[in-house]
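J.: quick one, structure for this:
(2 chains)
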Amino acid sequence: MLIAESSLAPYASIVIVIAVAGVIAASMLILAHAVRPALKGDVKDSTYESGMPVIGDARRRFNVRFYIVAMLFLLFDVEVVFLWPWAPVFHKAAATGEAITTAGGQPASAGFLLAAMGVFAVFLVVGFAYEWRRGMFQWD
Amino acid sequence: MTTAMYLTQLSPELCLLAGACLVWLFGVSKHAGVRSLMAPFTLLILVAAMVCTAQFGRPGSAEQPVGLLFTDLAYYVRWATLSVGALLLLVNWRTPADREQGEFFGMILCSMAGVMLTASANDLVVLFFALELVSVPTYVLVALSRTDSRASEAAVKYFFLGAMSAAIMVYGFSFLYGVGGTTVLAGAAGHTLQGYFTDAGAMSNYAIIGLVLAFAGLSFKVAAVPFHAYVSDVYEGAASPVTAFLGFVPKIAGFVAMAKLMSVCNWHLPEPLVWMLWIVAAVTMTVGNVLALLQTNVKRILAYSGVAHSGYMLIGILVGPTWGEGPMHDGVAAVLFYIVVYGVMNLGAFAVLATLSIKGRSVETLDDLAGISRKAPLAALAMAICTFSLMGFPPTAGFMGKVYLFSGALSTGERSLVVLAVIAVINSAIGAAYYLRIVAACYLREPTADHQRTGGIAPRFAIAVAALAMIALFIRPIDLVTQAKHATQSIHTQSSSLAQSPPAPVKTLTAAK
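T.: Numbers count the residues shown, from 1 in each chain, chains lettered A, B, ... in the order given. Modelled structure (predicted):
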């Protein structure tokens, strides 16, 4: 399955999508600019016109805890996403009792798949235990 | 059954990674006694990985796991990483703070596992992950190595530039995948990149773009010009023992990955790419040596000398493994030999800096080194041996390494490579100037400050081993060279040697049905 390099025809649809997206975005901005009433004022120019009063600009320093929480969430969230594709494959192997052929062309039985996810879970637990012991989950 | 077989083949790497998990967990123990055991425990893990390599690591006719290929190259790199890594661990014995022992040694283990996986990777994705497994822990090591702001600054610089280089490299890999239609590098089974390049004859422009970007990313790992700018700041900011680590681990991974990419191209690059590598090699060694001349900080001198040494080793990558019998006619074997020698002599020099301090700060400048031969004669002697070896002066292994590298280029008979070898010899002469300044500071100048010994017995043992190894490898380099030569044979004839291996299990499975 080699891409014929002389011909970029298959990519034409992508170019069209990009062009259409650009046209839509540009036309919205231009239309909004042309149609909207031009009112000025302190309230009008504030970040949230009818929302929270702004206490400073977004480049002020945040407490480092916010970043730690965000990182931990990202880690565990992404790791848990890996469980999802594994589940249907494991279910298929467990229900039929036959070995699944993996993408690499090697057979994997239900027991192997369970053990593989076990290893993954052990790594998760190691990370969790480490973070807990380091006090990452304490806000104060 | 087969799964167990795959796992035993991977056991050295698994050993290191499982060990890293244990080190992380025990490193946060409440008992100071347990935390202080992390360094010996890490050494134990390295020994266990060596036993696994000796027991299961030999390349055989066994079926290969997906994405990996256990060749003689992998065998050589595993031994090189584990043995030089054990010395690096000794140098780093007391580097981390008490509460950070677990993180520090766990990161060292992960980084070494990454090097070993790089050598056996047979898939662009695995190769990329392995290279990142080498690099990401090194950013953490730089940050953990000292408590002052310079280390944090160095770590942040190293991290951002490293992340950018990784992005460039993986972008190049995406071109290779787009051209070849597969991520598998080599091997007998199925469609591979090596097979594609063999069949395609001439290389397409997209493949050339991919290779240029991939080599750019790898140039960062080996600190080749124009991706060398981070070296001096990062080496200066990190503590000396960690700098010794940075001088070996990312470099061996980078050069092994370069050799792998070259073997995928059947060691036959299109002319523009050859000239690109030629210019990079020539400029790297010249810039490294000239900038080192201007420094007064020994760590910065050694950092730029490392850039120059990467330039020398690029010659070997350009020469390739195919120019005849014996180690003198084999560029890649010379690189594999030289990288081990470089790692050891470099760690010896940095370890000497790490074991001496003046008023609580470690020795860094030429003035700091003045007259250490009076205060610490053995350390000064080891420094002299390692420096002479870096210079490539006879009774040391550095001389043999340079002989192998340059003779490989000369034996090709190609004018461009001969010119490159001549440039390298001229550069070695330039390099002698700043290396001799280090030795002169140690021996000829009067001591200006009061030196204290720090670091304990472990780094001193590593220094002694490094210095003796430099002499021993000069007297008898043949064992290591034979191993290196053996390793390159596997990389050169990768496709043909694997044709004899049994077919992949999926075929037998479908046949049974």
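J.: SS state for the most centrally placed residue in chain A?
T.: By Cα atoms, centre = their mean, chain A has its centre lying nearest to A:V78, at 7.8 Å. Assigned state for A:V78: helix (three-state reduction, DSSP: H, G, I helix; E, B strand; the rest coil).
J.: contact partners for it?
T.: Residues near A:V78 by Cβ atoms under 8 Å, 6 or more residues apart in numbering or on different chains: none. C-betas here are computed from N, CA, C, even on glycine.
J.: what's the answer for B:A487, then?
T.: B:71-73, B:75-77, B:333, B:336.
J.: may I see the buried residues of stretch B:75-86?
T.: Using 16 or more other Cβ atoms under 10 Å in any protein chain shown as the test for burial, stretch B:75-86 gives B:75-86.
J.: same question for stretch B:115-131.
T.: B:115-124, B:126-131.
J.: give me the pLDDT for A:A38.
T.: If you check A:A38, the pLDDT there is 80.
J.: quick one: it is in a helix?
T.: No: under three-state DSSP, A:A38 sits outside any helix and is assigned coil.
J.: what's the burial count for it?
T.: 6 (other Cβ atoms under 10 Å in any protein chain shown).
J.: likewise for the one 10 residues further on?
T.: The burial metric for A:Y48, expressed as a neighbour count using other Cβ under 10 Å, is 8.
J.: just A:I24 next, same as before
T.: A:I24: 10 neighbours (other Cβ under 10 Å).
J.: where does the prediction get shaky in the chain?
T.: No chain in the question, so chain A it is. A:1-6, A:103-106 (pLDDT under 70).
J.: can you look at chain B instead?
T.: B:1-3, B:61-62, B:189, B:322-328, B:492-513.
J.: in it, which spans are strands?
T.: Using DSSP state E, the strands found in chain B span residues B:356-358, B:361-362, B:451-453.
J.: thinking again about what came up before, and which of the buried residues of stretch B:115-131 is nearest chain A?
T.: B:D123 (9.0 Å; Cβ to the nearest Cβ).
J.: quick one: contacts for that closest one?
T.: With Cβ under 8 Å, 6+ apart, B:D123 has these contacts: B:66-68, B:183-185.
J.: of these, closest to chain A?
T.: Looking across the contacts of B:D123 and measuring by Cβ to the nearest Cβ, the closest to chain A is B:V66, at 2.7 Å.
J.: so that closest one touches A:T102, yeah?
T.: Yes: taking contacts as Cβ atoms under 8 Å, B:V66 lies within contact range of A:T102: 7.2 Å.
J.: and the nearest residue to B:E153 once chain neighbours are set aside, what is it in contact with?
T.: Distance criterion Cβ to Cβ, 6 or more residues apart in numbering or on different chains; nearest residue to B:E153, sequence neighbours excluded, is B:G237 at 5.9 Å. With contacts defined as Cβ under 8 Å, 6+ apart, B:G237 is in contact with B:142, B:146, B:150-151, B:153-155, B:157.
J.: what is the most widely separated pair among the residues you listed?
T.: B:R146 and B:K157 (14.5 Å; Cβ to Cβ).
J.: which one's more surrounded, the two?
T.: B:R146 (21 against 17).
J.: tell me the contacts of the more buried one?
T.: B:R146 neighbours (Cβ under 8 Å, 6+ apart): B:237-239.
J.: equivalent analysis for B:L68, please.
T.: Neighbour list for B:L68: B:9-10, B:117, B:120-123, B:126 [criterion: Cβ under 8 Å, 6+ apart].
J.: show me the beta-bridge partners of it.
T.: B:A121 (DSSP bridges).
J.: and B:I358, by the same measure?
T.: Counting by DSSP bridges, the residues bridging with B:I358 are B:R361, B:H451.
J.: that one contacts B:T448, doesn't it?
T.: No: B:I358 is beyond contact range of B:T448, at 9.2 Å (criterion: Cβ under 8 Å).
J.: more neighbours: which of these two?
T.: Higher neighbour count among B:I358 and B:T448: B:I358, with 16 against 12, using other Cβ under 10 Å.
J.: which parts of stretch B:456-473 are buried?
T.: B:458-460, B:462-467, B:469-470, B:473.
J.: neighbours around A:A70, how many?
T.: Around A:A70 there are 10 other residues, counting by other Cβ under 10 Å.
J.: kindly apply the preceding question to A:G51 instead.
T.: 8.
J.: and if you look at A:F123?
T.: A:F123 has 14 nearby residues by other Cβ under 10 Å.
J.: that one is in what secondary structure piece?
T.: helix A:110-134 (DSSP states H and E).
J.: elements contacting that helix?
T.: Helices and strands touching helix A:110-134, by 3 or more Cβ pairs under 8 Å, 6 or more residues apart in numbering or on different chains; DSSP states H and E, are helix A:64-81, helix A:83-96, helix B:11-27.
J.: just these: most buried one?
T.: Neighbour counts (mean count of other Cβ atoms under 10 Å in any protein chain shown) averaged over each of the helices and strands packed on helix A:110-134 peak at helix B:11-27, with a mean of 22.
J.: how many other residues sit next to B:P447?
T.: 13.
J.: just checking, it touches B:A370?
T.: Yes: if you go by Cβ under 8 Å, B:P447 and B:A370 touch, sitting 5.9 Å apart.
J.: find the residues that touch each one of the two.
T.: Counting by Cβ under 8 Å, 6+ apart, nothing touches both B:P447 and B:A370.
J.: excluding chain neighbours, what is closest to B:T147?
T.: B:A97 (6.9 Å).
J.: measure B:V283 to chain A for me?
T.: From B:V283 across to chain A, the span is 31 Å (Cβ to the nearest Cβ, to the nearest Å).
J.: does that residue touch B:V225 like I think?
T.: Yes: using Cβ under 8 Å, B:V283 is in contact with B:V225, at 4.8 Å.
J.: can you list residues touching both of these two?
T.: Contacts common to B:V283 and B:V225, judged by Cβ under 8 Å, 6+ apart, are B:G311.
J.: okay then, goodbye and thanks.
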